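Participant: Please work out how this folds:
(2 chains, ligands or ions: 2)
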Amino acid sequence: MKILVPVKRVVDYNVKVRVKADQSGVELTNIKMSMNPFDEISIEEAIKLREAGVATEIIAVSIGVTQCQETLRTALAMGADRAILVETVADVQPLAVAKLLKAICEKESPQLVILGKQAIDDDSNQTGQMLAALLDWPQATFASKVTVTSGMAEVMREIDGGMETIEIKLPAIITTDLRLNTPRYATLPNIMKAKKKPLDVMTPETLGVDVTPRLKTLKVVEPPKRKGGVIVTDVAALIDKLKNEAKVI
Amino acid sequence: MAILVLAEHDNQQLKPGVTNAVAAAQKIGGEIHLLVAGSACSGAASAAAQVAGVAKILVADAPHYAGGSPENLAPLLVGIAKNYSHLLASASAYGKNVMPRVAALLDVAQISEIISVESPDTFVRPIYAGNAFATVQSTDAIKVITVRATGFDAVAATGGAAAIENIAVAADSGQSKILKQELTKSDRPELVAAKRIVSGGRGMGDGDKYRQVLEPLADKLGAALGASRAAVDAGFVPNDYQVGQTGKIVAPELYIAVGISGAIQHLAGMKDSKVIVAINKDPEAPIFQVADYGLVGDLFTLVPELTAAL
Ligand SMILES: Cc1cc2nc3c(=O)[nH]c(=O)nc-3n(C[C@H](O)[C@H](O)[C@H](O)COP(=O)(O)OP(=O)(O)OC[C@H]3O[C@@H](n4cnc5c(N)ncnc54)[C@H](O)[C@@H]3O)c2cc1C
Ligand SMILES: Nc1ncnc2c1ncn2[C@@H]1O[C@H](COP(=O)(O)O)[C@@H](O)[C@H]1O
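Facilitator: Ligands and ions are numbered 1, 2, ... in the order given. Predicted coordinates for the structure are as follows:
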């Protein structure tokens, strides 16, 4: 079976972003960009399923600017078989991403789409659930263990109170959580090989999807700053502060 | 038009975030209804009827609503959506699982984790791990929203007297089945609702030391226990202890971070706490930049000392 893995190009998780002076967004020039960390986990899981003989082909998909090709090459170097870029300079919001992915699913007929639970830039946590709705497929979000058997997947999920195991019928959507696996690094030989793997480029227009944003960003501002506190000398001083200054104990 | 809040519950009681979502609905303005979908959930429905400021409780009681299956809940919500201007849920694992599915079926955007209501179509939400706040305006007819509990002071859980109405249940989609749930058992307050939290990081060393050092302190304070991602990944504590950008968002009156460096992803989950205490042996640890009171030194001597002195 085929597995589709959507990978998003995002600001690297180590970067502390700055808000632009004109409040139109965050500063992205000369900022390190990487694959969304949850999407690395998705790629790793897909590779594991191929190694286990469950999957036959892994297709990485990214939606965004030309530079998303770098993100796709990383996915290919990790082990994806081929890649699709849906190229656009538009601000593509989760609903539009889900519609584009649906169009690709209709062409490729994967049995599984593995997405990250959340993109660490917009922190939306929506796309997988939306794609599941549009395809009328079941969804297993926040996955921390995946077992695929004939026509079914058993998925352990991280929920607020602990863990839950569900069984879903394939085709299905899975979104990955942090504890699912530890993504491998791309080795140099694999990075070289990845350059020769197929990468198709499409556009929202050729896929027939209207990506007009539904949410208008009116402004982006810095959050209120916390005032730096004090270093206390010892436990007695801490207790004194908590009792008499902060009055929280 | 009215506002519908999807109420998370365990069939008997409501989960903490519900009263915060109702508070957000009040800010939007309009008659507020709560949807209680579950299996043998009349207890939860009566609890919902007591929430202050709510006019009506809609109850959908069927076995396939147990456990909050999004494949079943989304069509149920979509079926009644035309009566509402806004559909809200708290941004818990439950709300995040269901609401985007509802939004996509309605062909509208979902607005994630709002922390403030500017007007009925304009909301503020944190992005980039809380390092920026975006003000977004929805152009859709129905607004589907998840509410970050820390952004809204909860309405009273009692004092209301809403009418309870049973609504038609939809058929079971049969697409998904819960095989088992392993819920962390604890007598402590729920992390997201706790007034005090003691959180441990990689510096705790291992799970046994985490428990030996932090439990007595949490006991003295009546606090919930939390953790950094590193502590969860290393297996010191269960996953549901994780505080941060991709874990739980908390804002207690007192947050004590022990052996936690203060990565942006951790700060994203706790920097709105009223008072932050950090205990760390590294004076350069970024956690001290957000801490009101910092204590530099070895946690294995400082924490027991603090516990004894309380
Ligand atoms: C996609 C993604 C999502 C993430 N989401 C989250 C999240 O939701 N929540 C989260 O917490 N992290 C998250 N992280 C991880 C985050 O980047 C950090 O790696 C993590 O928070 C570090 O945990 P820590 O502070 O416990 O460990 P470390 O950074 O290793 O810090 C340990 C600290 O303990 C101190 N220490 C050690 N021994 C002692 C001692 N004896 N006495 C006193 N102090 C001591 C050290 O000085 C150090 O400061 C995420 C990362 C990614 C990539
Ligand atoms: N532009 C994009 N290109 C490829 N995948 C995406 C894109 N946006 C979102 N995704 C996928 O959807 C997941 C969740 O993103 P979000 O709903 O934006 O938090 C990500 O981890 C990706 O797997």
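Participant: Identify all contacting residues around the strand ranked longest in chain A.
Facilitator: Ranked by residue count under DSSP state E, the longest strand found in chain A is strand A:139-149. The contact list for strand A:139-149, computed with CB atoms under 8 Å, 6 or more residues apart in numbering or on different chains, reads A:45, A:49, A:54, A:112, A:117, A:128-129, A:132, A:153-159, A:163, A:166, A:168, A:170, A:172-180, B:70-71, B:93, B:96-97, B:101, B:176, B:239. All C-beta atoms are positioned from the backbone trio N, CA, C, and that covers glycine.
Participant: tell me the SS of the residue nearest to B:Ala278 when sequence neighbours are not counted?
Facilitator: Taking CB to CB, 6 or more residues apart in numbering or on different chains as the measure, B:Ala278 lies nearest to B:Ala291, with 3.8 Å between them; neighbours along the chain are not counted. Secondary structure state of B:Ala291, per DSSP: H, G, I helix; E, B strand; the rest coil, is coil.
Participant: Now do B:Ala291: how many residues are near it, please.
Facilitator: 27 (other CB atoms under 10 Å in any protein chain shown).
Participant: wouldn't it be in contact with B:Ser273 here?
Facilitator: No - with contact defined as CB atoms under 8 Å, B:Ala291 does not count as touching B:Ser273 (9.8 Å).
Participant: returning to what we had before: buried residues, the helix or strand just after the longest strand of chain A. List them.
Facilitator: The element immediately downstream of strand A:139-149 (helix or strand, assigned by DSSP states H and E) is strand A:152-159. In terms of neighbour count (16 or more other CB atoms under 10 Å in any protein chain shown), strand A:152-159 has its buried residues at A:153-159.
Participant: Ends of stretch B:52-59, what's the gap?
Facilitator: 18 Å (CA to CA, to the nearest Å).
Participant: residues from chain A in reach of ligand 2?
Facilitator: With CB under 6 Å from any ligand atom as the criterion, chain A meets ligand 2 at residues A:6-8, A:36, A:38-39, A:61-64, A:92, A:94, A:97, A:115-116, A:118-119, A:122, A:124-128.
Participant: correct me, but B:Lys27 touches B:Ser119?
Facilitator: No - look at B:Lys27 against B:Ser119 with CB under 8 Å: they stay out of range, at 9.6 Å.
Participant: Neighbour count for the two, which is higher?
Facilitator: B:Lys27 (16 against 10).
Participant: for stretch B:52-67, which positions count as buried?
Facilitator: Under 16+ other CB under 10 Å, the buried positions of stretch B:52-67 are B:52-54, B:56-62, B:64-67.
Participant: now stretch B:219-234
Facilitator: Residues of stretch B:219-234 classed as buried under the neighbour-count rule (16+ other CB under 10 Å) are B:220-221, B:223-232, B:234.
Participant: wait, is A:Ala237 part of a helix?
Facilitator: Yes - looking at A:Ala237 with three-state DSSP, it is inside a helix.
Participant: what's the neighbour count on it?
Facilitator: For A:Ala237, using other CB under 10 Å, the count is 14.
Participant: Likewise for B:Pro304?
Facilitator: B:Pro304 has 15 neighbouring residues, counting by other CB under 10 Å.
Participant: tell me the contacts of it?
Facilitator: B:213, B:216.
Participant: for A:Ile59, same thing?
Facilitator: Shown in contact with A:Ile59 (CB under 8 Å, 6+ apart): A:2-5, A:80-84, A:108, A:110.
Participant: Now whatever residue of chain A ends up closest to ligand 1: closest residue in space, sequence neighbours ignored.
Facilitator: Evaluated by CB to the nearest ligand atom, chain A has A:Pro37 as its residue closest to ligand 1, separated by 3.7 Å. Closest residue to A:Pro37 in three dimensions, ignoring its sequence neighbours and counting by CB to CB, 6+ apart: A:Tyr13, at 5.8 Å.
Participant: who touches that neighbour in this structure?
Facilitator: Contacts here follow CB under 8 Å, 6+ apart; on that basis A:Tyr13 touches A:34, A:37, A:120, B:265.
Participant: Look up how far B:Gln245 lies from it.
Facilitator: In this structure, A:Tyr13 lies at 9 Å from B:Gln245, with CB to CB, to the nearest Å as the measure.
Participant: so what's in contact with the two at the same time?
Facilitator: With CB under 8 Å, 6+ apart as the test, A:Tyr13 and B:Gln245 both reach A:120, B:265.
Participant: can you map out the helices along the chain?
Facilitator: Reading this off chain A. In chain A, the segments counted as helices under DSSP state H are A:37-51, A:68-78, A:94-108, A:127-135, A:188-194, A:235-240.
Participant: that's the other chain; I wanted chain B
Facilitator: Assigned by DSSP H, chain B shows helices spanning B:17-28, B:42-49, B:70-80, B:93-105, B:207-221, B:229-233, B:264-270, B:299-309.
Participant: The stretch 1-150 of chain B: strands as residue ranges?
Facilitator: Assigned by DSSP state E, counting those that start in this stretch, the stretch 1-150 of chain B shows strands spanning B:2-6, B:32-38, B:56-61, B:84-90, B:110-114, B:116-119, B:122-127, B:132-138, B:143-147.
Participant: What pLDDT is listed against residue 29?
Facilitator: Going with chain A. Predicted confidence (pLDDT) at A:Thr29: the value is 93.
Participant: Switch to chain B, please.
Facilitator: pLDDT, B:Gly29: 97.
Participant: Surely it and B:Asp121 touch.
Facilitator: No - in terms of CB under 8 Å, B:Gly29 does not count as a neighbour of B:Asp121; the distance is 11.8 Å.
Participant: ok, those two, which is more surrounded?
Facilitator: Between B:Gly29 and B:Asp121, counted using other CB under 10 Å, B:Asp121 has the larger neighbour count: 18 against 13.
Participant: how near is that one to B:Pro283?
Facilitator: Counting by CB to CB, the gap from B:Asp121 to B:Pro283 is 47 Å.
Participant: Ok, A:Gly53 next?
Facilitator: According to CB to CB, A:Gly53 and B:Pro283 sit 53 Å apart.
Participant: More neighbours: which of these two?
Facilitator: Just comparing A:Gly53 and B:Pro283: by other CB under 10 Å the higher neighbour count belongs to B:Pro283, 10 against 7.
Participant: Make sure the more buried one is actually in contact with A:Ile231.
Facilitator: Yes - taking contact to mean CB under 8 Å, the distance of 7.4 Å between B:Pro283 and A:Ile231 places them in contact.
Participant: shared neighbours, those two?
Facilitator: What both B:Pro283 and A:Ile231 touch, as defined by CB under 8 Å, 6+ apart, is the set B:Val296.
Participant: picking up where we left off before, which members of the residues of chain A next to ligand 2 are classed as buried?
Facilitator: Restricting these to buried positions leaves A:6-8, A:36, A:38-39, A:61-64, A:92, A:94, A:97, A:115-116, A:118-119, A:122, A:124-128, with burial counted as 16+ other CB under 10 Å.
Participant: Go through those residues and flag which are in strands.
Facilitator: Assignment to strands by DSSP E places the following of these there: A:6, A:61-64, A:115-116.
Participant: Just send those residues back as JSON lines, with pLDDT too.
Facilitator: Formatted as JSON lines, the entries for those read as follows, by pLDDT from 0 to 100:
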{"residue": "A:Pro6", "pLDDT": "99"}
{"residue": "A:Val61", "pLDDT": "99"}
{"residue": "A:Ser62", "pLDDT": "99"}
{"residue": "A:Ile63", "pLDDT": "98"}
{"residue": "A:Gly64", "pLDDT": "98"}
{"residue": "A:Leu115", "pLDDT": "98"}
{"residue": "A:Gly116", "pLDDT": "98"}
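Participant: with those in mind, which one is nearest to A:Pro198?
Facilitator: Distance ranking of those against A:Pro198, using CB to CB, places A:Val61 first at 12.8 Å.
Participant: Spatially central residue for chain B, please.
Facilitator: Nearest to the mean C-alpha position of chain B, by CA atoms, centre = their mean, lies B:Ser92 at 4.4 Å.
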